[in-house]
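In: Starting from these lines, generate the structure:
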Amino acid sequence: MDDERSQVLDNLSLFIVNSVKEVDETSWDCCARTGAADANPFVRHAFLLAMEESGSVQAETGWLPQHVIIKSSSDKIFGCAPVYLKSHSYGEYVFDWGWANAYERAGGRYYPKLQCAIPFTPVTGSRLMVRPDITGDCATEVRHALVLGMMELAKHHDVSSLHVTFPNKDECELMTEAGMLARIGQQYHWQNNGYQTFDDFLGALSSRKRKNIRKEREKAVATGVTITTITGSDIQSKHWDAFYKFYVATSVRKWGQAYLTREFFDLLSNQMSKQIVLVMGKEDGILVCGALNLLGGNALYGRNWGTIVNHPMLHFEVCYYRAIDFAIKHKLDRVEAGAQGPHKLQRGYLPHKTYSTHWIADEGFRTAVARFIAHERDAIDRDVAVLQGLGPFKRTN
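Out: Numbers count the residues shown, from 1 in each chain. Have a look, this model is predicted:
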């Protein structure tokens with residue numbers, strides 16, 4: 001094993017590329033393991049390229065691609081990580097505004113910073129991606145090389161910090177061992193416990209919660225909005241025109257900014273149509289609301305929602321219950337409904353931990369951040385334990 005490990009790791013080289021299009025799509029997707037049973041659509045070359053080519057991600061929007069690539073002496077890609085030089089903290093969903101304010105009040109310069117992430121996408125997945133034929137200790141060493149490469153890149157740019165958001169738990173542990181600080185967050189996911197129908201799922205809930213969900217679905221239907229789930233080639237330009245209008249209206253109302261351009265959705269549809277699950281609502285012949293989901297190997301990921309009407313329970317039906325319907329029909333393991341939202345709890349989406357890691361250049365600031373993270377972790381651990389007990393499911397002895 002030592003000889004094999006030596007042969008694999010000898011003469012590894014680090015490269016930084018300014019666009020994912022500089023990386024061969026097949027090589028990137030091989031590292032991203034897009035053919036695996038639990039394939040994550042957001043780490044695909046096509047998804048990241050759509051972000052860049054649509055202008056959603058570029059230096060002008062505060063996301064300058066600085067992807068880290070590990071190659072062998074034969075120029076074969078062994079590993080890669082999606083990395084960006086950022087001039088703000090928008091579109092990350094792991095909030096560090098307080099850190100930035102504190103550091104700048106103390107006379108420091110928090111921005112720019114380095115971010116390893118999928119832009120505008122709070123979905124857990126691999127960030128230290130390695131070819132599947134590299135395994136065991138060899139794979140660990142390549143991942144370690146990616147971490148060290150990101151740290152060196154942070155030093156090269158003389159930035160305040162490096163942040164890796166929504167890695168999987170194993171990667172979080174590896175980066176912690178490399179000296180990064182680990183932070184815990186939480187999201188709400190629905191788990192498919194072998195349900196054959198939506199009524200099977202309702203049968204697992206307490207009587208009161210079951211009745212509440214039925215009433216919510218009835219109220220959504222009573223609005224007169226006809227809801228349809230559209231996939232693949234059935235999604236047309238008119239659907240994207242309408243959805244983009246909903247997306248912008250809702251983004252401006254809630255967050256003040258729409259991150260994604262209209263072109264992004266066309267590029268996504270052209271390159272990843274089989275992964276798109278679009279739930280649309282129509283009233284009096286006019287499209288009035290929609291929810292965009294992406295399909296992974298064994299999960300449905302809820303991403304964006306928008307509407308131009310204000311009907312009771314429509315959001316819950318379009319975003320959460322129709323996603324559950326789809327997951328049951330297609331025998332998916334789970335639905336991940338995105339960031340935040342304690343209101344999801346009573347609709348069958350239970351809290352799950354998420355992870356991020358952080359390298360801080362300034363030693364004094366690092367100590368302060370580490371103290372904050374420790375207190376936050378204790379609070380989240382308590383919250384998750386309490387919330388698990390407050391879910392809608394029947395109590396078991």
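
In: Show me where the stretch 251-397 of the chain has its strands.
Out: 276-283, 286-295, 299-307, 334-336, 350-360 (DSSP state E, counting those that start in this stretch).

In: try the stretch 1-150 of the chain
Out: Using DSSP E, counting those that start in this stretch, strands in the stretch 1-150 of the chain cover 13-17, 63-65, 67-71, 77-81, 83-86, 113-116, 129-130.

In: Looking at those strands, spot the one closest to Lys329.
Out: Closest approach to Lys329 among those (CB to CB): strand 129-130, 30.6 Å. Quick note: C-beta positions are derived from backbone N, CA and C, even for glycine.

In: what pLDDT, on average, does that closest one get?
Out: What strand 129-130 shows for mean pLDDT is 98.

In: For Pro132, see how far away the closest residue to Ile69 other than its chain neighbours is.
Out: Counting by CB to CB, 6 or more residues apart in numbering, Ile69 lies nearest to Phe15, which is 4.3 Å off, once chain neighbours are set aside. Between Phe15 and Pro132 the computed distance is 21 Å (CB to CB, to the nearest Å).

In: just to revisit the earlier point, run through the residues that contact the residue nearest to Ile69.
Out: Neighbouring residues of Phe15 by CB atoms under 8 Å, 6 or more residues apart in numbering: Val68, Ile69, Ile70, Lys71.

In: Same question for Leu278.
Out: Contacts of Leu278 (CB under 8 Å, 6+ apart): Thr229, Ile230, Thr231, Ile235, His239, Phe243, Gly290, Ala291, Leu292, Asn293.

In: With adjacent residues omitted, what lies nearest to the third one?
Out: Meaning Thr231. That would be Val277: by CB to CB, 6+ apart, it lies 5.5 Å from Thr231.

In: Which residues does the one you found form beta bridges with?
Out: Thr231, Asn293 (DSSP bridges).

In: and it, what pLDDT?
Out: 98.

In: which residues in the stretch 201-350 of the chain form helices?
Out: 207-222, 237-254, 262-272, 314-315, 322-329 (DSSP state H, counting those that start in this stretch).

In: Throw these into TSV and include mean pLDDT and mean neighbour count, thanks.
Out: Shown next, in TSV, are the helices of the stretch 201-350 of the chain (pLDDT from 0 to 100; neighbours: other CB atoms under 10 Å):
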stretch	mean pLDDT	mean neighbour count
helix 207-222	96	15
helix 237-254	91	16
helix 262-272	97	18
helix 314-315	95	20
helix 322-329	98	20
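
In: So which of the ones you listed is nearest Val164?
Out: helix 262-272 (23.5 Å).

In: can you give me the angle that closest one makes with strand 286-295?
Out: Angle of helix 262-272 versus strand 286-295, following axes from the mean of the first three to the mean of the last three CA atoms, to 10 degrees, is 50 degrees.

In: Could you tell me the angle between helix 262-272 and strand 299-307?
Out: Using the same axes, to 10 degrees: helix 262-272 against strand 299-307 is 150 degrees.

In: How far off centre is helix 262-272?
Out: Centroid separation for helix 262-272 versus its chain: 18 Å, with CA atoms, centre = their mean, to the nearest Å.

In: ok, residues contacting it?
Out: 41, 44, 46-47, 49-51, 53-56, 235, 237, 240-241, 243-244, 276, 294.

In: Separate out the buried members of those.
Out: The neighbour count (16 or more other CB atoms under 10 Å) marks 41, 44, 46-47, 49-51, 53-54, 56, 235, 240, 243-244, 276, 294 as buried among the contacts of helix 262-272.

In: OK, contacts around Lys113?
Out: Leu85, Lys86, Ser89, Val159, Ser160, Ser161, Leu162, His163.

In: any idea which of the residues you listed is the one closest to Trp305?
Out: The shortest gap between Trp305 and any of the contacts of Lys113 belongs to Ser89, at 22.3 Å (CB to CB).

In: Count the neighbours of the closest one for me.
Out: By the criterion of other CB atoms under 10 Å, Ser89 has 19 neighbours.

In: tell me the contacts of it?
Out: Applying CB under 8 Å, 6+ apart, we find Ser89 in contact with Phe95, Asp96, Trp97, Ala100, Lys113.

In: Among the residues you listed, which one is most surrounded by other residues?
Out: Lys113 (25 neighbours).

In: List the contacts of the one helix or strand Asp170 maps to.
Out: Assigned by DSSP states H and E, Asp170 belongs to helix 169-177. Applying CB under 8 Å, 6+ apart, the external contacts of helix 169-177 come out as 126-128, 140, 143-144, 147, 164, 167, 182, 353, 355-357.

In: Please identify, among the contacts of Phe15, the one with the most neighbours.
Out: Going by other CB under 10 Å, Ile70 tops these with 26 neighbours.

In: Check whether that one really touches His144, as I assumed.
Out: No. Using CB atoms under 8 Å, Ile70 is not in contact with His144; the gap is 10.1 Å.

In: circling back to that earlier point, would a markdown table of the strands of the stretch 1-150 of the chain with distance to Val23 be doable?
Out: A markdown table is the format used below for the strands of the stretch 1-150 of the chain (distance: least, CB to CB, whole Å):
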| stretch | distance to Val23 |
| --- | --- |
| strand 13-17 | 6 |
| strand 63-65 | 10 |
| strand 67-71 | 6 |
| strand 77-81 | 7 |
| strand 83-86 | 12 |
| strand 113-116 | 15 |
| strand 129-130 | 11 |
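
In: Can you tell me which of the ones you listed is nearest to Pro312?
Out: Using CB to CB, the nearest of the strands of the stretch 1-150 of the chain to Pro312 is strand 63-65, at 37.0 Å.

In: Mind giving me the packing neighbours of the closest one?
Out: strand 83-86 (3 or more CB pairs under 8 Å, 6 or more residues apart in numbering; DSSP states H and E).

In: let's go with 10 Å and repeat that
Out: Packed against strand 63-65 by the contact rule (3 or more CB pairs under 10 Å, 6 or more residues apart in numbering; DSSP states H and E) you find helix 45-53, strand 83-86, strand 113-116.

In: picking up where we left off before, output the contacting helices and strands for whatever helix or strand comes next after the helix holding Asp170.
Out: Once the chain leaves helix 169-177, the next helix or strand it forms, by DSSP H and E, is strand 181-191. If contacts are counted by 3+ CB pairs under 10 Å, 6+ apart, strand 181-191 sits against strand 161-165, helix 169-177, strand 299-307, helix 322-329, strand 334-336, strand 350-360, helix 363-389.

In: Perfect, I'm done here.
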